[in-house]
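> could you work out the structure for the sequence below:
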Amino acid sequence: MILFIDTHSELITIALKNNNDLFIKTKESEYSHSIYTMPMIEEIFKENNLDVKNLKKIIVINGPGSFTGIRIGLSIAKTMAYALKIDINTISSLTAYLVSNDTKENKAAIIEDNKGYYISVFDKNNKPIKDEYYSEVNDCEYEVVEQKLDINKIIDYCKNMTSENPHFVKANYVKKIEVEK
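Just a heads-up that it's a prediction; the model follows:
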C-alpha cells in the first residue's frame, strides 16, 4: 500500500493506492494545512478499512510551492516513514504535473509566484531536458501542461526510485530564500 501526500498548493491531496484500488481525498485549505492534513490521512485509512501497518511506501510532493504547506507535508511524511520503517520518495510539483500529462511532445510545467516562474521541461519520454529553474520572466518555449495530478501516473513514475533516508528528505526550493543569499 502506498500513501501519497501533496500540500504544495491550497489544495491538499491525500491518496492511498492499495493493490488496484485508489482512494483520494482533497480539500481546499486556504493554507490551513496544519489543521487538515493529518486528519485527512487518518480519515482515508478509516473510511476504507485499511491499516497504516500495511503501508509500504510514502510519496510526497516536496515543492516548489507554499513554503509552509510543503514543510507540513514533508514533516508528516518523514515522521511516518521513519516511525513505520517504510520507504519514502519525494517528487517535485513540477515533475508531478509533467508526468501526469499525456502530451507526447516536449513539455513544460510552470508555477508562477509573485516575482517570477518555477519552470521544468521534460521530453516526450518524461525525461528532464534541463534542471528545474526559477526565472523572473517566462522564457519557456515549450507547450505548458495543465496543473493537475494523475496519482496513478505519479505512483508509476516513482515505483523504481530508490528509497530516500527520511532524515535527509528536504524541500525543493528552486530559488534561494533570502537567508541563503
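> helices or strands up against the lowest-mean-pLDDT helix or strand in the chain?
Ranking every helix and strand in the chain by mean pLDDT, DSSP states H and E puts strand 128-135 at the bottom, with a mean of 89. When contacts are defined as 3 or more Cβ pairs under 8 Å, 6 or more residues apart in numbering; DSSP states H and E, strand 128-135 sits against strand 117-122. Every C-beta, even on glycine, is put in place using the N, C-alpha and C of the backbone.
> for the strand it packs on, the distance to its chain's centre please.
Distance of strand 117-122 from its chain centroid, counting by Cα atoms, centre = their mean, to the nearest Å, is 15 Å.
> check which helices and strands that strand sits against.
Using 3+ Cβ pairs under 8 Å, 6+ apart, strand 117-122 sits against helix 93-100, strand 107-112, strand 128-135.
> tell me what angle the first one forms with strand 128-135.
Using axes from the mean of the first three to the mean of the last three Cα atoms, to 10 degrees, one finds that helix 93-100 and strand 128-135 are set 140 degrees apart in direction.
> by residue count, tell me the biggest helix in this structure.
helix 67-84 (DSSP state H).
> make a markdown table out of the helices and strands packed on strand 117-122 and add distance to residue 36 and mean neighbour count.
Output for the helices and strands packed on strand 117-122, formatted as a markdown table (distance: least, Cβ to Cβ, whole Å; neighbours: other Cβ atoms under 10 Å):
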| stretch | distance to residue 36 | mean neighbour count |
| --- | --- | --- |
| helix 93-100 | 18 | 24 |
| strand 107-112 | 21 | 20 |
| strand 128-135 | 27 | 14 |
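> out of those, the one nearest residue 62 is which?
The stretch from these with the least distance to residue 62 (Cβ to Cβ) is helix 93-100; that distance is 8.1 Å.
> buried residues, stretch 18-32. List them.
Neighbour counts over stretch 18-32 (16 or more other Cβ atoms under 10 Å) mark 25, 27, 29, 31 as buried.
> circling back: continuing past the least confident helix or strand of the chain, what's the next helix or strand?
On the C-terminal side of strand 128-135, the nearest following helix or strand under DSSP states H and E is strand 143-144.
> so which elements touch that following strand?
strand 107-112.
> tell me the angle the strand it packs on makes with strand 128-135.
20 degrees.
> which residues of this structure score low on pLDDT?
174-181 (pLDDT under 70).
> ok, back up a step: return the set of buried residues in the longest helix of the chain.
So, applying 16+ other Cβ under 10 Å, buried residues of helix 67-84: 69-78, 80-81, 84.
> of the helices and strands packed on strand 117-122, which is nearest residue 41?
Among the helices and strands packed on strand 117-122, helix 93-100 sits nearest to residue 41 (Cβ to Cβ), with 18.3 Å.
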